[in-house]
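Enquirer: using only what follows, build the 3D model:
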Amino acid sequence: MSILSSATVTMTRAFRRNIPSGLGIILFVTLCLLALLAPIIAPYDPIEQSILSRMKPPSGEHLFGTDTFGRDMFTRALYGARVSLTVGVVSVLLGMTIGSVLGVVAGYYGRWVDPLIMRAMDVLLSFPTLITGIIIVALLGPSLTNVIIAITFTLIPKFARIARAPTLAVKERAYVEACRAMGFSDIRIIVFHIIPNILTEVLVMASLWTANAIMIEAGFAFLGLGVRAPTPTWGGMIREGFEHIFQAPWMSIFPGLCILLAVLSLNLIGDGLRDALDPRLKQAKDMG
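Expert: Just a heads-up that it's a prediction; the model follows:
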């Protein structure tokens with residue numbers, strides 16, 4: 001626990017000095033709060049149609065304008081944040097957990113376990129991420145749960161490789177050898193001594209891949225493989241507006257900006273984590 005506490009203190013200090021990363025945290029937290037409070041903030045029902053208000057440009061009444069069914073785009077963007085952020089965070093948490101466990105097990109035990117697990121991960125990595133996800137969603141059917149499963153499946157081999165590399169180094173350190181000499185079980189060594197020492201590297205990639213997961217979900221929705229209509233999603237809103245890009249560009253612009261802000265905030269957070277947890281990179285930046 002002392003290792004985790006030290007890492008937390010280090011990251012807190014680093015984020016205080018790193019203004020862009022601090023802004024990234026503020027922006028991402030703001031997006032999460034807007035999504036969480038959507039039923040309170042949203043001025044309209046996200047699926048309520050009004051033919052008389054269809055395709056109205058942004059105004060005081062409709063901040064982001066309306067779509068082809070007269071639905072308020074600002075309201076749908078707020079509710080769409082719920083889907084996109086849920087998919088991004090949950091799929092990365094699941095992929096990180098499963099993939100990290102596989103990577104740690106492969107790196108710690110070695111012998112036949114390592115080649116078996118890592119060759120399986122290599123097979124999964126040989127397929128393009130988007131194509132793999134599309135195949136899974138097409139087989140299971142478009143839904144929020146199936147989109148999360150598809151993205152999780154594509155992230156597992158990436159996290160496995162990230163977790164395996166530091167595990168190979170950590171397991172050879174003196175304190176791990178001392179734990180073995182004292183008769184500690186493998187599970188205790190892995191949980192209390194291996195994982196805390198590789199967690200920071202995994203978290204850096206998790207923040208960056210959360211942004212990637214949000215973009216993948218938007219891609220699924222744009223292709224019609226995301227959450228079923230009329231549930232609003234950022235990718236689905238872009239798809240609906242694409243057919244009217246010249247008559248009503250706001251239908252695609254505003255959900256696209258939402259994705260941009262979410263991805264930008266997560267990338268800023270990831271850069272801050274990387275700077276905080278990799279002193280050699282920080283020194284190289286300072287020298288540059």
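
Enquirer: and the closest residue to residue 114 other than its chain neighbours, what element?
Expert: Once flanking residues are discounted, residue 114 sits nearest to residue 106: 4.5 Å by CB to CB, 6 or more residues apart in numbering. For glycine as for every other residue, the C-beta is placed from the backbone atoms N, C-alpha and C. In this assignment (DSSP states H and E), residue 106 forms part of helix 73-109.

Enquirer: surely residue 179 meets residue 190?
Expert: No. Using CB atoms under 8 Å, residue 179 is not in contact with residue 190; the gap is 10.2 Å.

Enquirer: tell me the buried residues in the helix holding residue 106?
Expert: By neighbour count on 16 or more other CB atoms under 10 Å, the buried set for helix 73-109 is 73-92, 94-96, 98-108.

Enquirer: go on, stretch 34-45?
Expert: 34, 35, 38, 42, 44.

Enquirer: which one of those residues is nearest residue 57?
Expert: residue 44 (16.2 Å; CB to CB).

Enquirer: so how far is residue 30 from that closest one?
Expert: Residue 44 sits 21 Å away from residue 30 when distances are taken as CB to CB, to the nearest Å.

Enquirer: and the next element down the chain from the helix or strand where residue 169 lies?
Expert: Following DSSP H and E, one finds residue 169 within helix 144-170. Counting by DSSP H and E, the next helix or strand C-terminal to helix 144-170 is helix 174-181.

Enquirer: what packs against that next one?
Expert: If contacts are counted by 3 or more CB pairs under 8 Å, 6 or more residues apart in numbering; DSSP states H and E, helix 174-181 sits against helix 186-189.

Enquirer: in the helix it packs on, which residues are buried?
Expert: Of the residues in helix 186-189, residue 189 count as buried by neighbour count, 16+ other CB under 10 Å.

Enquirer: wait, is residue 246 part of a strand?
Expert: No. Counting by DSSP: H, G, I helix; E, B strand; the rest coil, residue 246 is not found in a strand; it is coil.

Enquirer: number of residues surrounding it?
Expert: Using other CB atoms under 10 Å, residue 246 is surrounded by 6 other residues.

Enquirer: distance of it from residue 55?
Expert: Applying CB to CB, one obtains 12 Å for the distance of residue 246 from residue 55.

Enquirer: what inclination does the helix or strand containing residue 236 have with respect to helix 73-109?
Expert: Element membership of residue 236 [criterion: DSSP H and E] is helix 234-242. Helix 234-242 runs at 140 degrees relative to helix 73-109, counting by axes from the mean of the first three to the mean of the last three CA atoms, to 10 degrees.

Enquirer: please save the CA atoms from helix 234-242 in CSV.
Expert: What follows is helix 234-242, C-alpha atoms only, in CSV (Å, rounded to 0.1, in the frame of the first residue of the first chain):
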residue,chain,number,x,y,z
TRP,A,234,-22.3,10.8,-30.2
GLY,A,235,-21.4,8.6,-33.1
GLY,A,236,-25.1,8.0,-34.0
MET,A,237,-25.7,11.7,-34.0
ILE,A,238,-22.9,12.3,-36.4
ARG,A,239,-24.2,9.6,-38.7
GLU,A,240,-27.7,11.1,-38.6
GLY,A,241,-26.3,14.5,-39.4
PHE,A,242,-23.9,13.3,-42.2
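
Enquirer: picking up where we left off before, quick check: next helix or strand after the helix holding residue 106?
Expert: helix 113-125.

Enquirer: residues in contact with that following helix?
Expert: 102-103, 105-107, 132, 153-154, 156-158, 160-161, 164 (CB atoms under 8 Å, 6 or more residues apart in numbering).

Enquirer: where does the protein dip in pLDDT?
Expert: 1-17, 277-288 (pLDDT under 70).

Enquirer: quick check, central residue of it?
Expert: residue 210 (1.3 Å; CA atoms, centre = their mean).

Enquirer: the inter-axis angle of the helix or strand hosting residue 212 versus helix 174-181?
Expert: According to DSSP H and E, residue 212 maps onto helix 195-222. Between helix 195-222 and helix 174-181, the angle comes out at 110 degrees (the same axes, to 10 degrees).

Enquirer: cool, thanks, signing off.
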